[in-house]
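Student: this one's structure only:
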């Protein structure tokens, strides 16, 4: 057996550089490169390998460890999970900074490969700088917290262990049913240790992502269930986009006259103006979709994991005989809500179900005028909100309307947290697939700018806009600098409403007078954060980092700022002061949150009683 002597880090990069995926006969290089921040846990091991023997892998220098993983996840998401980046950090705080983003990727079923440095396997210099010393279990290190947030976890304590660990990591990363964050913890001494690796380990490896068809018996059960239902509703999730099944979804809906609602991850599965697209569903849903969900006797979930926002905490479905038919490549998701599981690739599952229902001449019981009327009612409401003016200042919905009108239909909008995801889910009108990029599995504050950078890396020929609140911007904006460094332009639309106003609204809606959620000075009179607003100049901050920046206080200024930003060659920020509380809410939706049953406040107690009454009326599926 022919071998080559390499360090474990050198061997890992050489292996990663040879990985490909094949979907529908098209091969794509799977691992594009490594994003990283060097420290004493990786700089002389993986860092040396990246400097001297990276092959075709590119290296991108990050500025925050959480930020680079968000960027890598966004890159993979925008690439329909066919291309990924690995992320490397030092041990200790560098590694732990990735945990939140690792969970974000795993919750959203997005592949990212994490390569955190780890303690010395030899323990010779023990304890090393930044090492945890858990006296009850000395094998625990700062990489152990990755176990619950990873779909695969391993620690490479001998260089030859890479021969089994690396293929297992690729297996999980490339599997649409299992994918998420994968962690290979790399002790810093082992990274530099040499081993005679077989050359066969570095041969080109193609992972064939064969589309999984539904089993005949499962398909028959699905057909029998659907046959007897007159008011079905399709809920399109992210799996529709990842499986590139948008055309098949449209054909299925049209064949049987079934309306289509969309989750956050599934939005843009159909063009907003498709006659069967009734928009967002659930807590952040449209009135049209939520009314149809209430009366539906069958929910056909395609590629959705049914979060509480999608189901309005399981209160969205009011028909006494409602049942669920779930098409999902992951059996864990296809079995949810006591549904009939059609465990299959979204494209193959939808096509097979369409053929089966066509064979029995199925047709829904909807009057076409009914769906049309609901759509018209909702579109009128969107038009109203997009045009809404307030004497006191710029409303959030008016700003979104101005943005929608000003940007190109091929542009990608990226968002994640605060009140903006709700407004975008309800109001945004995507005309093309993959132009709506929302991280809402974790709704992780700080994803927006990193995610926009990752999306722009994946699709450099599209304009990419990060739509972000001031709270998320303050939490994590560091990859703005990386976008400048890489010459990868993004446009940041920063909504400044003086705080965490989404949670402020939630708080006040359940009995609070408002506490700890606005960016105010501490008052000498009350001792609380009830003084004036902090005067933060976000445009000046962006300029100080090297970006271009504008400020827009009304729709006309915003349209002009977007026009000028499109002409800039570097990352640009537009600061948009908006009135707090001018976001959308309601529309036949409900969300179960814990409200105190005991309080000194009568308002809180009343809200708690109302919440318990709603909970008792909801079925536990």
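Tutor: Arrived safely. What you are looking at is a predicted structure, and each value in this text was computed from that prediction instead of being measured.
Student: Domain-wise, how is this protein divided?
Tutor: What automatic domain parsing lists as the domains of the chain is 3-208, 216-374, 387-498+534-577.
Student: of those domains, which approaches residue 590 most closely?
Tutor: Nearest of those to residue 590, taken as C-beta to C-beta: domain 216-374 at 5.0 Å. All C-beta spots, glycine's among them, are computed from the backbone N, C-alpha and C.
Student: Spell out the residue ranges of the strands in the stretch 1-150 of the chain.
Tutor: 3-7, 19-23, 26-29, 31-36, 58-61, 84-89, 112-118 (DSSP state E, counting those that start in this stretch).
Student: Tabulate these (a markdown table), appending distance to residue 399 and mean neighbour count.
Tutor: Listed next are the strands of the stretch 1-150 of the chain as a markdown table, based on distance: least, C-beta to C-beta, whole Å; neighbours: other C-beta atoms under 10 Å:
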| stretch | distance to residue 399 | mean neighbour count |
| --- | --- | --- |
| strand 3-7 | 53 | 16 |
| strand 19-23 | 39 | 19 |
| strand 26-29 | 38 | 13 |
| strand 31-36 | 32 | 25 |
| strand 58-61 | 32 | 16 |
| strand 84-89 | 32 | 30 |
| strand 112-118 | 32 | 29 |
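Student: how far away is residue 245 from residue 494?
Tutor: For residue 245, the distance to residue 494 equals 35 Å [C-beta to C-beta, to the nearest Å].
Student: for residue 393, same thing?
Tutor: 16 Å.
Student: of these two, who's got more company?
Tutor: residue 494 (25 against 15; other C-beta atoms under 10 Å).
Student: which residues sit in contact with the most centrally placed residue in the chain?
Tutor: Nearest to the mean C-alpha position of the chain, by C-alpha atoms, centre = their mean, lies residue 439 at 2.4 Å. Residue 439 is in contact with 70, 73, 74, 77, 104, 108, 414, 415, 416, 447, 451, counting by C-beta atoms under 8 Å, 6 or more residues apart in numbering.
Student: mind giving me a markdown table with those residues and columns for distance to residue 354 and pLDDT?
Tutor: Output for the contacts of residue 439, formatted as a markdown table (distance: C-beta to C-beta, whole Å; pLDDT from 0 to 100):
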| residue | distance to residue 354 | pLDDT |
| --- | --- | --- |
| 70 | 37 | 98 |
| 73 | 32 | 98 |
| 74 | 32 | 98 |
| 77 | 27 | 98 |
| 104 | 34 | 98 |
| 108 | 28 | 97 |
| 414 | 32 | 98 |
| 415 | 33 | 98 |
| 416 | 34 | 98 |
| 447 | 35 | 98 |
| 451 | 34 | 98 |
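Student: Helices - which of those residues land there?
Tutor: 70, 73, 74, 77, 104, 447, 451 (DSSP state H).
Student: count of residues packed around the fifth one?
Tutor: Using other C-beta under 10 Å, residue 104 has 28 other residues around it.
Student: what's the nearest residue to it if we skip its chain neighbours?
Tutor: Excluding its sequence neighbours, the residue lying closest to residue 104 (C-beta to C-beta, 6 or more residues apart in numbering) is residue 442, at 4.2 Å.
Student: helix, strand or coil for residue 342?
Tutor: Classification of residue 342 by DSSP: H, G, I helix; E, B strand; the rest coil places it in strand.
Student: I'd say it and residue 219 touch.
Tutor: Yes. Between residue 342 and residue 219 there is a contact at 6.7 Å, judged by C-beta atoms under 8 Å.
Student: the more surrounded of those two?
Tutor: Between residue 342 and residue 219, counting by other C-beta under 10 Å, residue 342 is the more crowded of the two (27 against 18).
Student: contacting residues around the more buried one?
Tutor: Residues in contact with residue 342 (C-beta under 8 Å, 6+ apart) are 214, 218, 219, 222, 325, 326, 327, 328, 334, 349, 353.
Student: As a markdown table, the domains of the chain with distance to residue 603 would be great.
Tutor: A markdown table is the format used below for the domains of the chain (distance: least, C-beta to C-beta, whole Å):
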| stretch | distance to residue 603 |
| --- | --- |
| domain 3-208 | 33 |
| domain 216-374 | 22 |
| domain 387-498+534-577 | 22 |
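Student: quick one on the thing from earlier: give me the buried subset of the ones in helices among the contacts of residue 439.
Tutor: 70, 73, 74, 77, 104, 447, 451 (16 or more other C-beta atoms under 10 Å).
Student: Quick check: chain neighbours aside, which residue is closest to the last one?
Tutor: Pointing back at residue 451 there. residue 74 (3.7 Å).
Student: I'd like to know how far that neighbour sits from residue 431.
Tutor: 21 Å.
Student: Over to residue 159?
Tutor: Taken as C-beta to C-beta, the span from residue 159 to residue 431 is 51 Å.
Student: higher neighbour count, those two?
Tutor: Neighbours were counted for residue 159 and for residue 431 using other C-beta under 10 Å; residue 159 has more, 23 against 13.
Student: I figured the more buried one was touching residue 8, is that so?
Tutor: Yes. With contacts defined as C-beta under 8 Å, residue 159 counts as touching residue 8 at a distance of 3.9 Å.
Student: Low-confidence regions, the stretch 501-621 of the chain specifically.
Tutor: 619-621 (pLDDT under 70).
Student: where do the helices sit along it?
Tutor: Using DSSP state H, counting those that start in this stretch, the helices of the stretch 501-621 of the chain run over 501-508, 538-545, 555-567, 602-616.
Student: do the same with the stretch 351-500 of the chain
Tutor: So, for the stretch 351-500 of the chain - with DSSP H, counting those that start in this stretch - the helices run 368-386, 396-406, 420-427, 447-458, 470-475, 479-485.
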